[in-house]
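# Predicted model, plus sequence, below.
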Amino acid sequence: MPEATTRHAGYWARMTNPEDRHPFFDQAEKLLKNRTGVAGLIIISMFALVSILAPFISPHDPVENALYDQLKPPVWQEGGAAKNLLGTDDLGRDMLSRLVYGARVSLTLGVVSVGIALVFGSFLGAIAGYNKGWLDNLIMRFMDIVLAFPHILLAIVIVAYLGPGLRNAMIAIGIINIPRFARIVRASVMDEYEKDYVTAARAVGARDGRIIFNAILPNCLAPIIVQASLGFGAAILDAAGLSFLGLGAQPPTPEWGAMIAEGRAMILRAWWVMTFPGITILLAVLGFNLLGDGLRDALDPRLRD
Amino acid sequence: MNAMVNGRLLDIRNLKTYFHVRGGVLKAVDDVSLSIRQGETLGLVGESGCGKSVTASTVMGLIPMPPGFIAAGEVVFEDQDLLKMPESRMRQIRGKKISMIFQEPMTSLNPVFTVGDQVAEVIRLHERLSGKETRERVIESFRLVGIPAAETRINEYPHQMSGGMRQRVMIAMALACHPKLMIADEPTTALDVTIQAQILELMNKLKSETGASILFITHDLGVIAEMAQNVAVMYAGKVMEEADAETLFSGPRHPYTIGLLSSIPIVGFDKRKRRLSTIPGVVPSLFSLPKGCLFHDRCSAARKECGNVEPPVVDLGNGHMVRCHI
C-alpha cells in the first residue's frame, strides 16, 4: 500500500491534509467561512467575555443606589456625565454596570434552561424514536399537549406554581422547551435507525440502551447543536418576558427584562432606562439566532460538498 | 466442551420465517433446512428476495418482530435452539460466537467513531480486558485482516478509509472475539473486482487459521465456487438444491440450478457467438406464489404435475438433495 507510508507523517501534515483531518476542523472551517455564523459568533463571544470580566469592566456596583444621581441621561446628552456612560435609573444605579452584570444573568439562565430542555428532550426524543409504537405515541402526544399551550402562558403557570424567582423561571423555560428537542431528536433517531451501523451494533450484541445513546445519539448531534443555539436566544427572550411580568428575576437583580419593566413608567422622561436593555436583548438574541443559522449551514449534511 | 450431534455446528431445521404484511402473510423463508459443520463454508445462493438474508437474520435473532415471526422450525447452534433462547443470552452469543459481516462497508460502520474504537467496542461487550489489552487485541485483529500500519489506522474514521479497508475493518470486528461461526451477507458485492478477490482470499485464509465456519451468502456463483464446500440454492423462500460444491457445479440436477449455471458468461469460451442463456420470466412475487412447484412456470423441463403437485425433496445420495419431480 503506497498510502501507508504517509500515515506516519507529522501532526501538522495530518491536520492540513484534507483527507486526513478530523471532521471537526472541516466543520469549524465551514462555520468560519459563513458570514452569518461569524457575525453571531462575534456577538456571542462579546457577551461571554463581558459576563466573565464583569467585575473588572463595570464602572460601578450594579445594585448600588446613588440618590443624588437619579435618572442621569447618557453621556452624550445634556446633563450626562462620563461617570455614568449610559446614564442611571430611578435609583441612581449605573445603567452600563447593570447591563454588564445582566449579561451574566442571561447567559447563566440560557445555559441552565437550554441544558434542562436538551437533556430531558433528547432523552425522551431518543427513546420515542427508537421504540416505535405505544411508547413513542405516549411520549410524543404528551409533547404535543405541552406544545399546544401558548409558550409564555405555560411558563407563567409553572412559575406561579413553583413561585417567582430566577431559578424557577429557568426551570419553567427549560420545561417548555423540552418538546422542541424531543421532536428534533426523535426525527433524527428515526432517520439513523434505518442505517446499517445500527443493525451492525445489534449484531455484535449491544443492548438497546447502548445502541440508542452510544451509537445513534452521537450521530444526531448536528441538529441538536443547532437547536441549542437557537433555543438559547429564545430562552433569553422568554426569561426577559417572565422578568418583565415580575415572575423572573426579582429586584435588585440586574436582569434585562426586569430593567425594561422598571423603566416602563419613565419612558417619556428617561428613555434610556428602557431602551438600552431592549437593545441588549435584541443583540443577544440576534447573536444566537445568527450563530444557529450559521451552524445549520455548516453542519447540514445535505449542504456538504 | 459439548459434543455436537454429527459434528454439526449449526443446524437449521424446517425453518419458517414469515412476515405479517398488509393483506396477508409473506413467507420469506419457508421450510428451510441447512447445516454447517465445524470449519466448513456453506454457500447460500439465490436471486434478490429469495430469503437468503432473512435466513441469516433469523439465525442472528435480528428479525424485527412484529411484523416478522417464526412460524416453525429450529436453529440449533452448539446443541441449543437459538430461537428459544432469551434475548439476554442471545446478546452474549451475537458478536461473540456468531458474528456477521455486512454487505455495505460504507454504511455498516458508525461514522462518528474511529474504526479502532468500534472494534474495541465489540471486545468490551463480550470480554473483560483492560484498556491496554483491548487496544492490543484491536491492533492484532487489524494485522490479521491485513490492514497496514495498524497502530495509526485504528485512530482513523470510516470516511478516511477506502471500501476495501472498511470491509477489512468489518471482518476484524467480526473476528475480534474469535467466533465459531461467521455469517457473511454478500460481503463483496459492494466492492470492485480486485478488492473482491483480496477479501475472498483473506476470508479463506482466516477460516483455515481460526477454524471458524462460514455461512456465505451471495448471488454470485463464481464467488461460491471459490469459497464454499457445500452449496444450497434458494428460490422464493425454499431450498431447491443442496450438494457439495463439486457435485453441484459438475452435475446440477435442478432445472433452476442448471439455468443459473448456464447463464454465467465464460470469457474466451464463446467461439460460436452463442447467445448467453437466460432463465425466462421473473421471480414470483411472494404474495402470489404459483401452485405446485414454485419454479414450474419458468422451468424448461416442466411437466403437467409440476403445476399441481408440490415436488418432494429427493435424496440423490452423498447429501445431494433436490426439490423436483425428476
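Received it, and whenever you're ready, just let me know what you need. Numbering: from 1, shown residues only, chains lettered A, B, ... in the order given.
# give me the residue from chain B nearest chain A.
The nearest approach of chain B to chain A comes at B:G95, 3.3 Å away (Cβ to the nearest Cβ). In this view, the C-beta of every residue, glycine as well, is placed from N, C-alpha and C.
# Is that residue in contact with A:A201, as I believe?
No - in this structure B:G95 lies outside contact range of A:A201 using Cβ atoms under 8 Å: 9.4 Å.
# Please name the residues that touch the residue of chain B closest to chain A.
By Cβ atoms under 8 Å, 6 or more residues apart in numbering or on different chains, the contact list for B:G95 reads A:A203, A:V204, A:G205, A:A206, B:V122, B:L125, B:H126, B:C177, B:P179.
# Run through who's touching the longest helix seen in chain B.
For chain B, the helix with the greatest residue count under DSSP state H is helix B:193-210. Applying Cβ under 8 Å, 6+ apart, the contact partners of helix B:193-210 are B:39, B:41, B:144-146, B:163-164, B:167-168, B:171, B:175, B:178, B:184, B:187-188, B:191, B:212-214, B:223, B:226-227.
# Of those residues, keep whichever come out buried.
Neighbour-count burial (16 or more other Cβ atoms under 10 Å in any protein chain shown) applied to the contacts of helix B:193-210 gives B:39, B:41, B:144-146, B:164, B:167-168, B:171, B:175, B:184, B:187-188, B:191, B:212-214, B:223, B:226-227.
# would you say B:D31 is within a helix?
No - applying DSSP: H, G, I helix; E, B strand; the rest coil, one finds B:D31 to be strand, outside a helix.
# The closest residue to it other than its chain neighbours: neighbouring residues, count only.
Nearest-residue entry for B:D31: B:N14, 5.4 Å, with adjacent residues in sequence omitted and distances by Cβ to Cβ, 6 or more residues apart in numbering or on different chains. Neighbours of B:N14 under the rule other Cβ atoms under 10 Å in any protein chain shown: 12.
# Repeat that for B:G317.
Neighbour number of B:G317 under other Cβ under 10 Å is 7.
# In terms of helices and strands, where is it?
Using DSSP states H and E, B:G317 maps to neither a helix nor a strand.
# do you know how far it is from B:G251?
Separation of B:G317 from B:G251 (Cβ to Cβ, to the nearest Å) stands at 12 Å.
# B:V239 too?
18 Å.
# Same drill for the two, tell me which one is more crowded.
Neighbours were counted for B:V239 and for B:G251 using other Cβ under 10 Å; B:V239 has more, 26 against 12.
# partner residues bridging that one?
B:M234 (DSSP bridges).
# residues contacting it?
B:V32, B:S33, B:L34, B:A232, B:V233, B:M321, B:R323.
# Quick one, which of the residues you listed are buried?
The neighbour count (16+ other Cβ under 10 Å) marks B:V32, B:S33, B:L34, B:A232, B:V233, B:M321, B:R323 as buried among the contacts of B:V239.
# so A:S58 makes contact with A:V100?
Yes - using Cβ under 8 Å, A:S58 is in contact with A:V100, at 4.3 Å.
# ok, the two, which is more surrounded?
Comparing A:S58 with A:V100 by neighbour count (other Cβ under 10 Å), the higher total belongs to A:V100, at 24 against 18.
# Contacts only, for the more buried one.
A:V100 sits in contact with A:V50, A:S51, A:A54, A:I57, A:S58, A:P62, where contact means Cβ under 8 Å, 6+ apart.
# Check B:R303 too.
By Cβ under 8 Å, 6+ apart, the contact set of B:R303 is B:H325.
# Distance of the residue nearest the centre of chain A relative to A:I173?
Residue closest to the average C-alpha location in chain A (Cα atoms, centre = their mean): A:F232, at 1.7 Å. From A:F232 over to A:I173 the distance is 11 Å, taken as Cβ to Cβ.
# Show me where the chain has its strands.
By default, I'm working from chain A. Using DSSP state E, chain A contains no strands.
# That was the other one, I meant chain B.
Per DSSP E, chain B carries strands over the ranges B:8-21, B:24-37, B:41-45, B:68-77, B:80-81, B:98-101, B:181-185, B:213-218, B:230-235, B:238-244, B:313-315, B:321-323.
# Report the contact partners of the nearest residue to the residue of chain B closest to chain A once chain neighbours are set aside.
Among residues not flanking B:G95 along the chain, A:V204 sits closest, at 3.3 Å (Cβ to Cβ, 6+ apart). Contacts for A:V204 (Cβ under 8 Å, 6+ apart) come out as B:R94, B:G95, B:S99, B:E121, B:V122, B:L125, B:M173.
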